[in-house]
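Enquirer: Sharing a model that was predicted from the sequence below.
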Amino acid sequence: MKQILVFFDTFISLLILNCASVEKVEPRKIEKIMKVHAGGGLRLRIAPNIEAKKIDLVPDGDIVETFGETGEIEVQDGKQGRWVKVKWKKKDGYVFGGFLEFINVK
């Protein structure tokens with residue numbers, strides 16, 4: 001019985017300490033502001049690949065904030081690029097970078 005109490009006491013202590021520690025989250029730095037240049041819109045996905053679940057469709061001409069590229073250069077629908085981590089309308093995900101164009105924001 002004493003061993004069980006010691007186990008639960010240790011478990012509760014670790015749980016409290018773990019919950020009390022606050023992870024410092026660094027703000028993400030926007031790399032570029034880019035415009036979607038894909039005739040029918042661009043699929044926002046949960047992961048950087050064509051098979052990943054779709055989150056939404058970013059309409060052609062909409063602006064996205066980019067946070068870096070990932071993976072190897074690919075060709076999708078005749079466009080060459082990498083997958084790009086983006087934020088669009090409070091949604092985070094990945095889009096294929098071949099359909100993005102840089103816009104100069106002053």
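Expert: Perfect, thanks for sending it.
Enquirer: any idea how far the most centrally placed residue in the chain is from residue 36?
Expert: The centroid of the chain falls nearest to residue 93 when counting by C-alpha atoms, centre = their mean (4.0 Å). Applying C-beta to C-beta, to the nearest Å, the value for residue 93 to residue 36 is 13 Å. In short, each C-beta sits where N, CA and C put it, glycine included.
Enquirer: Show me the helices in this structure, by range?
Expert: For the chain, the helices defined by DSSP state H occupy 2-20.
Enquirer: Flag the shaky bits of it, pLDDT-wise.
Expert: 1-28, 105-106 (pLDDT under 70).
Enquirer: Can you tell me the strand partners of whichever strand in the chain runs longest and which way each runs?
Expert: Identified as the longest strand of the chain according to DSSP state E is strand 63-76. Paired strands of strand 63-76, with direction, are strand 32-36 (antiparallel), strand 79-88 (antiparallel) (DSSP bridges).
Enquirer: I'd like to check what contacts the first one. Which residues are they?
Expert: Residues lying outside strand 32-36 but in contact with it, judged by C-beta atoms under 8 Å, 6 or more residues apart in numbering, are 42, 58-66, 84, 86, 95, 99-103, 105.
Enquirer: Give me the buried subset of the residues you listed.
Expert: With burial judged by 16 or more other C-beta atoms under 10 Å, the buried subset of these is 42, 58, 64, 66, 84, 86, 95, 99, 100.
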